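Chemist: Below is the structure, and that's it, no one-letter string:
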């Protein structure tokens, strides 16, 4: 079952020590570039009994985002420490809340978000602001793994080839500037849709608002090429690395909306949501696939 | 002259009271949507002896940005109060720093930035986080009014017509998600350019990274149509309202990069920078215009 427990915050103090801190206590200065310009990078990861899932891959991707932003990150071992501190804080609380273990807390599925900004504009000597939030996965996200999601296709504005030509558009970087992604989700919710299929302005499928798209035709598993500027999904990379176990070959290919509506199965993938089948696209029912349980199993969801 | 005085922070407390607060003291929670998603809106305004320049126009535009984001703003009189508090704090300090007036402080030209976010994700009952930072205008910005700027044209990714078709792309909204705008400025600086002319993917001039473009052909003053998704510039609106005093007619029109290179004068406009002539575009010298002093005068810079 899920929990309404608030998240656990760990912060990286000057000098590089990771410490738990109360969420209620303000952390960022008013001039932090995270707050004033969405100028920083983040990663969201899944917490598993044996630790944070694919942590090193996420830290590699964070380093790539930071490079795109010319952002100096704290040393990697400090980032690992702040993530560990948040996750340990979550697990400790889950098992000993008010002095006794509770099944409700212990069974809460968790994720952890690592945030690194450029830091305070008027005190650049303070460097990057870095912190981690361990949080309970929402009931909605967990339920969607069973029920699937109804997708609405919405333009993300860019032609499919544009971001590869223009690296300053930060294609592939997971920045804190997510206002448009959030706006697409609100737009979809207005029409009763669960999630969004972001499209290029020239009609190709890009990704979900906070996820990556995969689809199947026969025994061929597809996703969108990263050259389109989509985020390079760690979950999809793991799925592709293990697809042979399901007898699937893997392919990266541009696809149009109407082509996607005719395939044998469509899913959204993310580090915390896992893999979620798309049941419809713009109100048109998509074919249900019997692959979903096996794809979930490969990913450990 | 300019000053290295740090900014003065005013915050809107729960209940709607505006108060000065130390910049060094953290203000935003780690889960504030401003920090984690660039999810909020802002305005930057010029501080003049008779008050904040065009404050009501900026508050109108902020309300438009908030509507695009489905963001509940604090009441307008509270936003006015937090801006006033920051500006009064700046002016008080400028004239009485260490108990005596100093010419250096008194002569510091100032701006004020108003930031409103969606607030803490895990305590939505707290509502929007709102604050204002009064700051000294940089020496660089002041010098550029005399020296002009060398521009580099860079793609902003979107076709010129795309954002009008897709309001969830937040065209015209001044959101906190400015990572791409900042990246374009870093890209330009790498090549020794001062500022950026953002282009649509289909080759039309959009705006500057943090400014709006105007140009002159004969006695005709032009800017880009807001239907392209650019920010509706308050400075340019004021300039257009008063252009008849200079014998100029006003026009909104799409223009290509090569067309712009052939006009009689090109400027960037902004609320704090004022109006700055572009001296070159991608290394090609632009014709100097003798209009600059009169345009500055109309805007009061």
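Modeler: Nice, thanks for sending it over. Since this is a predicted model, take the numbers as computed values, not measurements.
Chemist: Going by C-alpha atoms from here, please, whenever you check contacts or count neighbours.
Modeler: OK.
Chemist: residues from the stretch 1-150 of chain A in reach of chain B?
Modeler: A:6-7, A:9, A:23-31, A:34-40, A:69, A:115, A:122, A:131 (C-alpha under 8 Å from any C-alpha of the partner chain).
Chemist: Counting neighbours, what do you get for residue A:219?
Modeler: 14 (other C-alpha atoms under 10 Å in any protein chain shown).
Chemist: do the same with the one 10 residues further on
Modeler: Residue A:229 is flanked by 25 other residues according to other C-alpha under 10 Å.
Chemist: sec struct for the residue in the stretch 151-300 of chain A positioned nearest to chain B, please.
Modeler: Nearest residue of the stretch 151-300 of chain A to chain B, counting by C-alpha to the nearest C-alpha: residue A:177, 4.1 Å away. The three-state label given to residue A:177 by DSSP: H, G, I helix; E, B strand; the rest coil is coil.
Chemist: do the same with residue A:146
Modeler: Under three-state DSSP, residue A:146 comes out as helix.
Chemist: returning to that earlier point: how close does the residue lying closest to the residue of the stretch 151-300 of chain A closest to chain B once chain neighbours are set aside sit to residue A:176?
Modeler: Spatially, and ignoring its direct neighbours in sequence, residue A:177 is nearest to residue B:177 (4.1 Å; C-alpha to C-alpha, 6 or more residues apart in numbering or on different chains). Relative to residue A:176, residue B:177 is positioned 7 Å away (C-alpha to C-alpha, to the nearest Å).
Chemist: if I look at these two, which residues touch both of them?
Modeler: Shared contacts of residue B:177 and residue A:176 (C-alpha atoms under 8 Å, 6 or more residues apart in numbering or on different chains): A:38, A:39, B:37, B:38.
Chemist: ok, of those residues, which come out buried?
Modeler: Neighbour-count burial (16 or more other C-alpha atoms under 10 Å in any protein chain shown) is assigned, among those, to A:38, A:39, B:37, B:38.
Chemist: Who does the closest residue to residue A:233 other than its chain neighbours form a beta bridge with?
Modeler: Closest residue to residue A:233 apart from its sequence neighbours, by C-alpha to C-alpha, 6+ apart: residue A:212 at 6.4 Å. Judged by DSSP bridges, the bridge partners of residue A:212 are residue A:269.
Chemist: what about chain A, any weak spots by pLDDT?
Modeler: Along chain A, the parts satisfying pLDDT under 70 run over A:1-4, A:94-107.
Chemist: domains of it?
Modeler: Under automatic domain parsing, the residue ranges defining each domain of chain A are A:8-137, A:143-299.
Chemist: who does the helix or strand harbouring residue A:293 touch, helix- and strand-wise?
Modeler: Element membership for residue A:293, per DSSP states H and E: helix A:292-299. Under the contact criterion of 3 or more C-alpha pairs under 8 Å, 6 or more residues apart in numbering or on different chains; DSSP states H and E, helix A:292-299 touches helix A:234-242, strand A:274-281.
Chemist: mind listing what's buried in the helix or strand encompassing residue A:141?
Modeler: For residue A:141, the host element (DSSP H and E) is helix A:139-147. The neighbour-count check on helix A:139-147 (16+ other C-alpha under 10 Å) flags A:142, A:144, A:145 as buried.
Chemist: how far is the following helix or strand past that helix from where the chain is centred?
Modeler: Sequence-wise, the next helix or strand downstream of helix A:139-147 (DSSP H and E) is strand A:149-155. Distance of strand A:149-155 from its chain centroid, counting by C-alpha atoms, centre = their mean, to the nearest Å, is 17 Å.
Chemist: quick one: is the helix or strand just after strand A:149-155 near chain B?
Modeler: As assigned by DSSP H and E, the chain's next helix or strand after strand A:149-155 is helix A:162-165. Yes - legend: contact between helix A:162-165 and chain B by C-alpha under 8 Å from any C-alpha is shown at A:162, A:163.
Chemist: which other helices and strands contact helix A:162-165?
Modeler: Going by 3+ C-alpha pairs under 8 Å, 6+ apart, helix A:162-165 lies up against no helix or strand.
Chemist: Contacts made by that helix with the rest, please.
Modeler: Contacts of helix A:162-165 (C-alpha under 8 Å, 6+ apart): A:169, A:170, A:171, A:227, A:228, A:229, B:157, B:201.
Chemist: Pull the most distant pair out of those residues.
Modeler: Pairwise distances across these (C-alpha to C-alpha) peak at 16.3 Å, for the pair A:227 and B:201.
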